[in-house]
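> Mind looking at a prediction? Sequence and model below.
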Amino acid sequence: MNKNRDIARAYFAAIEAGTLPDDLLADDFTAWTTTQGPLSKELYQGAIPLLAKLTGGSIRFTVDSITAEADRVIAEARATARLVDGSDYENTYVFVFRIRDGRISSIAEHFNALVVIEKLVPLISQA
């Protein structure tokens, strides 16, 4: 199996566990999301425990496909969770990972922004 694929799978396992450890990310890691644009390592990592709080630790990713070539991994995935307000969260994602020296150097998260705005943003303002 491709090592970069394994790193992407480790990312999903970490997110489901509510953390994103430093040893998975390059020191100069950067991120981009559909709703927030560019994010620093600190901001992106800080969002993961918040996501865990909003979902009561219930978020699960189903990876439909992973394509790995050179330093790039593309993962098509679906997320489901039961939110702390009792409602269900479902969204589809395309993650673009860049891997360098066995660590993620960047992530771009493409997803349905309307679902995030409708479901997560109101809970964030309450958290």
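Yep, it's here.
> When you work out contacts or count neighbours from here on, use the C-alpha atoms and nothing else.
Will do.
> all strands in this structure, in order from the N-terminus.
Listed in chain order, the strands of the chain (DSSP state E) span 25-33, 37-40, 60-69, 72-82, 88-100, 103-111.
> The first one - contacts with which helices or strands?
The contact analysis (3 or more Cα pairs under 8 Å, 6 or more residues apart in numbering; DSSP states H and E) places strand 25-33 against strand 37-40, helix 41-54, strand 103-111.
> and the strands of the chain as a markdown table, adding distance to residue 18?
Converted to a markdown table, those look like this (distance: least, Cα to Cα, whole Å):
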| stretch | distance to residue 18 |
| --- | --- |
| strand 25-33 | 15 |
| strand 37-40 | 18 |
| strand 60-69 | 11 |
| strand 72-82 | 13 |
| strand 88-100 | 16 |
| strand 103-111 | 17 |
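> mind checking which of those strands is nearest residue 127?
strand 72-82 (15.8 Å; Cα to Cα).
> So which elements touch that closest one?
Checked by 3+ Cα pairs under 8 Å, 6+ apart, strand 72-82 has helix 3-17, strand 60-69, strand 88-100 packed alongside it.
> residue contacts, the most centrally placed residue in the chain?
With distances taken as Cα atoms, centre = their mean, residue 15 lies nearest the centre of the chain, 6.3 Å away. Shown in contact with residue 15 (Cα atoms under 8 Å, 6 or more residues apart in numbering): residue 48.
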